[in-house]
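Engineer: Using only what follows, build the 3D model:
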Amino acid sequence: MTNSERRPQDHDLTVATLDQGVEIIESREVPLGGPRAMTVRRTLPSRQRSLIGAFCFADHYGPDAVEATGGMDVAPHPHTGLQTVTWLFEGRVLHQDALGSVQEIRPGQLNLMTAGRGVCHSEEGTVRRFPDQSSLHGIQLWTALPESTRHGERAFEHVEEVPTVTIDGARVQVFMGALGGATSPARADTPLVAAQVDLPAGARVRLPVEPGFEHGVMLDTGQLHVAGHPLAPSALAYLPPGREEIELVAGDAGARLVLMGGAPFEEDILMWWNFVGREHEEVVEAREQWQAAVRGEEEGIARFGQVLGYEGDPLPAPALPHVRLKSRGRL
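Structural biologist: Numbers count the residues shown, from 1 in each chain. Have a look, this model is predicted:
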């Protein structure tokens with residue numbers, strides 16, 4: 001998924017710091033296109049927190065009535081220095097990329113694309129692609145690649161069935177990293193974890209976690225308290241390193257959430273639009289080369305490739321701000 005903002009920048013999101021270092025980050029709405037387009041709710045990055053582990057971007061969307069909004073129709077767009085993590089609760093999305101991948105994704109499956117030095121892809125969850133589709137609902141996460149792999153080759157993998165365990169009555173689908181004795185087969189370039197957790201009504205779950213990790217809990221549906229603090233749907237609860245477990249308590253309707261986390265990512269990153277880098281100059285170069293790819297020039301195509309199965313033009317990059325871009329740490 002692309003960052004569709006025409007002037008990508010940091011934003012002040014509402015952040016409440018509670019006891020034991022817990023922070024509640026409220027989401028903000030971002031449209032993926034025109035006035036009838038699907039809207040996503042974004043919690044990462046925020047001005048207060050750039051990363052949770054290597055996770056540097058978090059969008060939550062739906063349930064979206066695709067007949068009314070048109071659904072998700074994201075034209076070919078570029079990425080550098082990151083992985084895109086696509087996870088659905090409802091509906092279907094067609095992924096196509098510069099490696100020639102053509103992959104439909106459904107709930108309970110993982111699409112993971114590693115950009116390396118550069119890749120482009122498209123995403124479609126529309127009635128045109130899926131005539132019987134009525135609703136689309138899911139999350140999109142990005143992870144920042146470390147210096148050791150961020151200049152590497154592009155790659156794509158699809159995990160059709162992720163490992164699932166039961167913890168204190170909760171169903172846990174581990175789609176990245178390891179949790180509760182289950183380990184995802186998906187590539188991870190830094191120590192991290194991501195999982196969907198479904199709690200039955202009134203459940204109290206003590207989720208065992210790696211104490212060296214920081215974690216984020218995003219509520220999808222239902223009622224939930226995280227470490228004693230209420231969490232609203234689409235909001236993100238941040239928990240610092242040092243915990244061996246996270247207490248989750250569901251309300252009468254149960255709860256569905258996504259856990260993300262990892263070892264604190266100590267490298268400063270520079271994130272602008274769909275590019276994750278380290279210096280102003282490399283982001284400027286990536287933008288110029290993507291614009292060359294949009295124009296069909298070989299220099300840009302050599303770096304980002306082409307999506308051949310999408311019916312439409314690639315997405316041009318927004319204009320750069322008239323200031324020097326600065327890298328940021330975790331905070």
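
Engineer: max-length helix in the chain?
Structural biologist: Across the chain, the longest stretch assigned as helix under DSSP state H is helix 280-294.

Engineer: Show me which positions of it end up buried.
Structural biologist: Neighbour counts over helix 280-294 (16 or more other Cβ atoms under 10 Å) mark His280, Glu282, Val283, Val284, Ala286, Arg287, Gln289, Trp290, Ala292, Ala293, Val294 as buried. Bear in mind the C-beta positions are built from the backbone N, C-alpha and C, glycine included.

Engineer: quick one: average pLDDT of that helix?
Structural biologist: Mean pLDDT, helix 280-294: 98.

Engineer: do the same with stretch 146-157
Structural biologist: 98.

Engineer: Residues contacting it, please?
Structural biologist: For stretch 146-157, the surrounding residues in contact (Cβ atoms under 8 Å, 6 or more residues apart in numbering) are 54, 80-81, 95, 97-99, 101, 103, 110-119, 144-145, 186-187, 189-190, 265, 267, 276, 278, 305.

Engineer: What residues sit buried inside that stretch?
Structural biologist: So for stretch 146-157, counting by 16+ other Cβ under 10 Å, buried means Arg150, Arg154, Ala155, Phe156.

Engineer: What distance do you get for Arg117 to Gly71?
Structural biologist: Distance, Arg117 to Gly71, by Cβ to Cβ, to the nearest Å: 31 Å.

Engineer: Compare the two (neighbour count), which wins?
Structural biologist: Shown here are Arg117 and Gly71; by other Cβ atoms under 10 Å, Gly71 has more neighbours (27 against 15).

Engineer: Contact partners for that one?
Structural biologist: Per Cβ under 8 Å, 6+ apart, neighbours of Gly71: Met38, Asp64, Gly91, Glu124, Gly125, Thr126, Val127, Gln133, Leu136.

Engineer: Just name the closest of those to Gly180, please.
Structural biologist: Gly91 (27.1 Å; Cβ to Cβ).

Engineer: Work out which residue lies at the spatial centre of this protein.
Structural biologist: What sits nearest the mean C-alpha location of the chain, by Cα atoms, centre = their mean, is Leu141, with 0.9 Å.

Engineer: so that one touches Trp87, yeah?
Structural biologist: Yes: with contact defined as Cβ atoms under 8 Å, Leu141 and Trp87 form a contacting pair (7.4 Å).

Engineer: Now do the shared contacts for those two.
Structural biologist: Ala194.

Engineer: Just give the nearest non-adjacent residue to Asp220, would you?
Structural biologist: Arg256 (4.5 Å; Cβ to Cβ, 6 or more residues apart in numbering).

Engineer: let me redo that: Thr221
Structural biologist: Nearest to Thr221 is Arg256, by Cβ to Cβ, 6+ apart, at 4.9 Å.

Engineer: where along the stretch 151-300 of the chain do the helices fall?
Structural biologist: Using DSSP state H, counting those that start in this stretch, the helices of the stretch 151-300 of the chain run over 280-294, 298-304.

Engineer: Which of these sits closest to Gly242?
Structural biologist: Closest approach to Gly242 among these is made by helix 280-294 (34.1 Å; Cβ to Cβ).

Engineer: What values do phi and psi take at Glu266?
Structural biologist: phi -90, psi -10 (degrees, to the nearest 10).

Engineer: what's next to the longest helix of the chain, contact-wise?
Structural biologist: Applying Cβ under 8 Å, 6+ apart, the external contacts of helix 280-294 come out as 78, 80, 118, 120, 270, 272-273, 275, 277, 299-301, 303-304, 306, 313-317, 320, 324-326.

Engineer: Just the C-alphas of that helix, formatted as CSV.
Structural biologist: The C-alpha trace of helix 280-294 is given here as CSV (Å, rounded to 0.1, in the frame of the first residue of the first chain):
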residue,chain,number,x,y,z
HIS,A,280,18.2,13.2,2.1
GLU,A,281,20.2,12.6,-1.1
GLU,A,282,19.3,8.9,-1.5
VAL,A,283,15.6,9.7,-1.1
VAL,A,284,15.9,12.5,-3.8
GLU,A,285,17.7,10.0,-6.1
ALA,A,286,15.0,7.3,-5.5
ARG,A,287,12.2,9.8,-6.3
GLU,A,288,14.0,10.9,-9.5
GLN,A,289,14.5,7.4,-10.7
TRP,A,290,10.9,6.5,-10.0
GLN,A,291,9.8,9.4,-12.0
ALA,A,292,12.0,8.2,-14.8
ALA,A,293,10.3,4.8,-14.5
VAL,A,294,6.9,6.5,-14.7
